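Visitor: A structural model of the following input is requested.
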Amino acid sequence: MTDQRKEAINQLHELNILILHTKLKATRAQTALRAATRVCNVEAARRGVAPLQQLPKSSGTATHMLECLNEEELSTLSELLQRIIDNTDTRLLGEEYAERRKAIHEFLMLNHTDTEVQE
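Guide: The predicted structure follows:
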């Protein structure tokens, strides 16, 4: 079971890298396209021609990666990822809560005793 979890984590890391790379490529392409549009608009303004419309930002840059999945698989993937996110958030919040409680306790102990709290 542990090996499967490690493999799943490795696959998620790999997918994350692919998504980040895809987003970076799309951002670079959008930036180049906007710059070219600006140049064309400056030239159009000099000639007295109407400027080109600005292109809308692309919101689904990595959606093509999921085209290999059908609707049921996408739904299952979405549910599984949400469950992982919720579980991780809950654990992190619990750890953060414990750390805050400890810090408050130490602060209160310092104020009452004027000495450091020993761990």
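Visitor: Mind naming the longest helix for the chain?
Guide: Ranked by residue count under DSSP state H, the longest helix found in the chain is helix 2-47.
Visitor: May I ask which helix or strand of this structure has the lowest mean pLDDT?
Guide: Lowest on mean pLDDT, DSSP states H and E among the helices and strands of the chain sits helix 71-113, with a mean of 78.
Visitor: can you give me the angle it makes with helix 2-47?
Guide: Counting by axes from the mean of the first three to the mean of the last three Cα atoms, to 10 degrees, helix 71-113 lies at 100 degrees to helix 2-47.
Visitor: Mind checking the pLDDT average for stretch 8-19?
Guide: Stretch 8-19 shows a mean pLDDT of 83.
Visitor: cool, and stretch 26-39?
Guide: 83.
Visitor: So for that stretch, what gets flagged as buried?
Guide: By neighbour count on 16 or more other Cβ atoms under 10 Å, the buried set for stretch 26-39 is empty. C-beta here means a position set from N, CA and C on the backbone, and glycine is covered the same way.
Visitor: Restricting to C-alpha, output that stretch in PDB.
Guide: Output of stretch 26-39 as PDB, limited to C-alpha atoms (Å, rounded to 0.1, in the frame of the first residue of the first chain):
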ATOM      1  CA  ALA A  26       0.600  29.400 -22.800                       C
ATOM      2  CA  THR A  27       1.500  32.500 -20.800                       C
ATOM      3  CA  ARG A  28       4.600  33.100 -23.000                       C
ATOM      4  CA  ALA A  29       2.400  32.700 -26.100                       C
ATOM      5  CA  GLN A  30      -0.200  35.100 -24.700                       C
ATOM      6  CA  THR A  31       2.400  37.600 -23.800                       C
ATOM      7  CA  ALA A  32       4.000  37.500 -27.300                       C
ATOM      8  CA  LEU A  33       0.500  37.700 -28.900                       C
ATOM      9  CA  ARG A  34      -0.400  40.800 -26.800                       C
ATOM     10  CA  ALA A  35       2.900  42.500 -27.600                       C
ATOM     11  CA  ALA A  36       2.400  41.800 -31.300                       C
ATOM     12  CA  THR A  37      -1.200  43.200 -31.000                       C
ATOM     13  CA  ARG A  38       0.100  46.400 -29.400                       C
ATOM     14  CA  VAL A  39       2.700  46.900 -32.100                       C
END
